[in-house]
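In: Got a predicted model here, sequence first, then my questions.
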Amino acid sequence: MSVRGRGRGRGGSNRGRGGRGRGRGGSNRGRGGRRGRGGFGRSRISRSHNCRDRSRSPLPVATTEVAEPSMDDVKSFFMGKVSFEQHYQGQEENRDKYAAAISTMMNSGVDVVQNARVRALAASWARKDQELASALISVRSQYTFVEVLKALTILDAGRSARVVEKKIKRLQCQKTKVSAAKLGKLKSEHDNLLALKPNIGTATGAVVKQVSKWVKTFTKDELEFFALHFPVDPWKKLADICHFNPEKDFPALPWFLGFCFGNTAPEDSIVHSCKDINEHNVNELVQSHPVPYGHVKSLDKHLTGDSKRAIALKEKKIDTLLWYYENLTCASFDEVLMERLNEGEKVTLANGKLMERLLILKMAREGIKANPEEIYYTWDWDAQPNGPNLENQENIVDESKAPFLNHLIGQADENISKISLPLEEPIVIVGDASGSMEVAIKTSVIIAGILTKITSAKLVFFDDHSRDAPYLPENVEQVLDLALSTKADNATAPAASLYPFYKKKEIVKTFIIVTDEEENEQCEEFWFAELFDKYYKEVFPARLVFVSFLPQHSEGQMVRALKDKGYSPHQFKLDDHKPDLTKLDSLIALLSLETTDFDDEVLTTEQKIKLNGLCSVFSELNLK
């Protein structure tokens, strides 16, 4: 009988964080070892006599391959590392199809990578295509100050390099000795600018004029937000390129540019009021001024109930209040949230974030604690080195908490019912419920449950054996219940989930596997990649999609093994230590890109652009 041990040691009496033990465990089951700073020792006895143990090999660092985009697969321009020159050529080859693709992806909720958004804008400016550039920067959710500055920096790299070169020559010619470190820093900056400089295109007067026009669209609230929360150097850099006029280019807040260059904000401004906010005056300021919660978040432990109520009343977006609910919750805060929702205010959080908030709210209301593994991995050990108190962890239901929970569940149901994901059926969602998934189990089950609902798929879980889900979730509440009732335990044999379909020769066209890609046991003497190879050749050439919870830059053990056998599974990565449901919307959107519906939508959008122009497409997109 094989035995699996799983230790997460934080070093007993020492404070150093221990590694994750993956080898063979002791013969005793249960929690072993001291629980100092996370001293978890856990052994798992395998229930499957058909499985053999294999220790996990280290995951390699994934290398980023330079993409070779093509108009035949136009989405490739926006999915990987594509150069400025390639974006330029793509726009030159078929500008309307290029624009149709990026607008369709944005409209579908795909998280178009930032470097693609930046280079798309820079290329349109370099081509003197003011219409495309204007259309892109009109989509404020995708083109923030950061993206516009980065695009402009590419085109201005040549001029900036010349400025730095003159500075270096001036320093080298002066009589006073200049430190080698200072010269080295300038030379490095010069080299970086030359590497960034494109072969074609500069920050022309027309480009600067368009940026100035765009800057004028910022509202007073947005500029105050920048002044309160962001460094001013990027604005100074943009002003250096564009030579802004403080009053004409910032009509909503004429003092903003001067503030960026060191002037004091007016005394009657919120920026001035918040300048010296601290634990002693935070409650007075919050109750007397409309202080954004983001500016006092670090002081929330000092907020009184009256201050929390004031924040609930004055915060412009209810989304912010839900986002930070656990920091602000109290009876009066909950009461105001309920009133705002009853008055018809809409929550606009993305579906993934809303599901995460619903899980938090449900756990708070039902008194459900995070499992010890989650608590220890998310604990702030530097601030609280003694660790959490895990005694008396019984659940205490409090119906008065989050009284708006059912209201939000109804909204989530409505949102998710509108999602269409036309993947090839039959579809099977495979959820990893083995011991290694303890930190991410709730997130992974919610992802698996939502995908099951919107694709009408079959749902199975595995640890060291496979089992059907107790039920197929038909609504959001059932998804949440499934997430809270599914426990992560035992060893990890992913092949066990595939074996029943292979044995019965049951045709499945799409497998979506939600896992951390650990594999330390075989099933019927097969590892997953070996068994999938047989299924593919003997039963059906199924499509594989991985939703992988991995350390940053890791490829994943199972995907690597499949690639070694010549397969190319689709893979979407999430952080294994900080599982993030906000990526759910992008995941669903990315899955939709692989369907014929996406190609049809791009073609329809391209035809609309040809008939009615870019504005007809991007103006509608900006309303979303």
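Out: Happy to help now that I have it.

In: Not counting sequence-adjacent ones, nearest residue to residue 427?
Out: residue 457 (3.8 Å; C-beta to C-beta, 6 or more residues apart in numbering). Using the backbone N, CA and C atoms, a C-beta is placed for each residue, glycine as well.

In: phi, psi of that neighbour?
Out: With angles defined as degrees, to the nearest 10, residue 457 sits at phi -90, psi 170.

In: Would you confirm that it contacts residue 431?
Out: No: between residue 457 and residue 431 there is no contact under C-beta atoms under 8 Å: 11.2 Å.

In: more neighbours, these two?
Out: Each of residue 457 and residue 431 has its neighbours counted (other C-beta atoms under 10 Å); residue 431 has more, 27 against 23.

In: I'd guess the more buried one is in a strand, am I close?
Out: Yes: under DSSP: H, G, I helix; E, B strand; the rest coil, residue 431 sits within a strand.

In: what helices or strands is the helix or strand where residue 615 lies leaning on?
Out: Element membership of residue 615, judged by DSSP states H and E, is helix 614-621. Judged by 3 or more C-beta pairs under 8 Å, 6 or more residues apart in numbering; DSSP states H and E, helix 614-621 is in contact with helix 84-108, helix 130-137, helix 596-612.

In: Same question for it: list its buried residues.
Out: Neighbour-count burial for helix 614-621 flags 614, 617, 618, 621 (criterion: 16 or more other C-beta atoms under 10 Å).

In: before we move on, what about stretch 162-170?
Out: Across stretch 162-170, burial judged by 16+ other C-beta under 10 Å covers 164, 168.

In: now that stretch, how far from the chain's geometric center?
Out: 40 Å (C-alpha atoms, centre = their mean, to the nearest Å).

In: For that stretch, give me every contacting residue.
Out: For stretch 162-170, contacts defined as C-beta atoms under 8 Å, 6 or more residues apart in numbering pick out 183, 186, 187, 189, 190, 193.

In: Swap in 6 Å and give it another go.
Out: Outside stretch 162-170, the residues that touch it by C-beta atoms under 6 Å, 6 or more residues apart in numbering are 186, 189, 190.

In: what residues are up against the second one?
Out: Under the criterion of C-beta under 6 Å, 6+ apart, the neighbours of residue 189 are residue 164.

In: Also the first one?
Out: For residue 186, the contacting residues are 164, 168, by C-beta under 6 Å, 6+ apart.

In: Would you mind measuring from it to residue 168?
Out: According to C-beta to C-beta, to the nearest Å, residue 186 and residue 168 sit 5 Å apart.

In: In which helix or strand does residue 193 reside?
Out: Using DSSP H and E, the element containing residue 193 is helix 180-196.

In: How far does that helix sit from its chain's centre?
Out: Relative to the chain's own centre, helix 180-196 is displaced by 33 Å; criterion: C-alpha atoms, centre = their mean.

In: Mind listing what's buried along whatever helix or strand comes next after that helix?
Out: Sequence-wise, the next helix or strand downstream of helix 180-196 (DSSP H and E) is helix 205-215. Across helix 205-215, burial judged by 16+ other C-beta under 10 Å covers 207, 208, 210, 211, 212, 214, 215.

In: Report pLDDT for the first one.
Out: This means residue 207. We have a pLDDT of 97 for residue 207.

In: Show me the helices in the stretch 201-350 of the chain, by range?
Out: Taking DSSP state H, counting those that start in this stretch as the criterion, the stretch 201-350 of the chain carries its helices at 205-215, 220-229, 233-242, 256-260, 270-273, 282-288, 293-296, 305-314, 318-323, 325-328, 331-342.

In: How far off centre is the first one?
Out: Looking back up the chat, that one is helix 205-215. Offset of helix 205-215 from its chain centre (C-alpha atoms, centre = their mean): 31 Å.

In: And it, what does it pack against?
Out: helix 233-242 (3 or more C-beta pairs under 6 Å, 6 or more residues apart in numbering; DSSP states H and E).

In: Can you give me the buried ones in the helix it packs on?
Out: Using 16+ other C-beta under 10 Å as the test for burial, helix 233-242 gives 234, 235, 237, 238, 239, 241, 242.

In: Same question for stretch 331-350.
Out: Judged by neighbour count (16+ other C-beta under 10 Å), stretch 331-350 contains these buried residues: 332, 333, 334, 336, 337, 340, 341, 347, 349, 350.

In: Next one: the last one from residue 612, what distance?
Out: Residue 350 sits 29 Å away from residue 612, taking C-beta to C-beta as the criterion.

In: now swap in the first one and tell me
Out: Between residue 332 and residue 612 the computed distance is 51 Å (C-beta to C-beta).

In: do the third one as well
Out: Taken as C-beta to C-beta, the spacing of residue 334 relative to residue 612 amounts to 48 Å.

In: got it, and the fifth one?
Out: From residue 337 across to residue 612, the span is 42 Å (C-beta to C-beta).

In: Then the second one?
Out: Taken as C-beta to C-beta, the spacing of residue 333 relative to residue 612 amounts to 47 Å.

In: again with residue 174
Out: 60 Å.

In: Could you do residue 162 as well?
Out: Distance, residue 162 to residue 612, using C-beta to C-beta: 42 Å.
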